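In: Fold the following.
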Amino acid sequence: MMPRKFTLSATAALSLALLAGCSDVTLYEPGVYKGSGDETASEEAAERRSGALRDRAQSAHSDR
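Out: This next block holds a predicted model:
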């Protein structure tokens, strides 16, 4: 059986090593898009999607 002190030290070292991977944290501000340009996030793309969704909804509910 391993000595208790060695086991505790190994567990602490392993925990520290695993938590070191979490150090790259990006803080975001609400409502601010900081990524590269997204073509699907434009107003025109949103209007095209809403038009297509409206047409699909009307065709799905037209039989009722």
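In: List the contacts of residue 33.
Out: residue 41 (Cβ atoms under 8 Å, 6 or more residues apart in numbering). To be clear about C-beta, it is placed using only N, CA and C from the backbone, and glycine gets the same treatment.
In: how far away is it from residue 53?
Out: Spatial separation of residue 33 from residue 53 under the definition Cβ to Cβ, to the nearest Å is 22 Å.
In: buried stuff in the lengthiest helix in the chain?
Out: Determined from DSSP state H, the single longest helix within the chain is helix 43-61. Of all the residues in helix 43-61, not one is buried under the rule 16 or more other Cβ atoms under 10 Å.
In: pLDDT score for residue 1?
Out: pLDDT, residue 1: 57.
In: Residue ranges in the protein under the pLDDT threshold?
Out: 1-2, 23, 64 (pLDDT under 70).
In: give me that answer again for 80
Out: 1-2, 20-27, 33-41, 62-64 (pLDDT under 80).
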